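Peer 1: Build me a structure from this.
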Amino acid sequence: MIQINSLFDLATIVRRRRLEIGLTSEELAESLGIQVDAVVGLESSSGAVDISTALVVLRRLGVSLYAVTPEDGDGFFGLIADGFM
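Peer 2: From the prediction side, this is the model:
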């Protein structure tokens with residue numbers, strides 16, 4: 001699992017996982033019925049990407065997000081991503 005502390009972290013996870021499963025940005029966008037600009041924007045952490053689009057992309061890539069509160073353990077508060085190598 002990886003902590004997500006910024007949009008850059010999320011972008012890195014999306015790009016890395018897409019490449020791991022061998023999809024181009026265009027193929028990923030087409031498989032989801034979204035614009036390729038949405039995938040490119042999410043992967044570059046530039047531009048506004050709707051949270052629902054980000055969640056659809058992550059689901060398609062097999063990545064799960066978990067919200068973590070300080071009460072859950074080590075005091076970390078934020079998001080954890082899981083589901084990739």
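
Peer 1: Please count neighbours and contacts with C-alpha atoms only from this point.
Peer 2: Fine.

Peer 1: which residues in this structure form helices?
Peer 2: Assigned helices in the chain, in chain order: 7-20, 25-32, 36-44, 51-60 (criterion: DSSP state H).

Peer 1: Redo those helices as CSV? Include mean neighbour count, mean pLDDT and distance to Glu71.
Peer 2: Output for the helices of the chain, formatted as CSV (neighbours: other CA atoms under 10 Å; pLDDT from 0 to 100; distance: least, CA to CA, whole Å):
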stretch, mean neighbour count, mean pLDDT, distance to Glu71
helix 7-20, 18, 93, 23
helix 25-32, 15, 98, 36
helix 36-44, 19, 93, 30
helix 51-60, 15, 93, 25
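
Peer 1: could you dump those to a markdown table with distance to Met1?
Peer 2: Below are these laid out as a markdown table (distance: least, CA to CA, whole Å):
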| stretch | distance to Met1 |
| --- | --- |
| helix 7-20 | 11 |
| helix 25-32 | 23 |
| helix 36-44 | 19 |
| helix 51-60 | 14 |
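
Peer 1: among those, which is nearest Tyr66?
Peer 2: Nearest to Tyr66 among the helices of the chain is helix 51-60 (11.7 Å), distances taken as CA to CA.

Peer 1: If anything else comes up later, I'll come back, but that's it for now.
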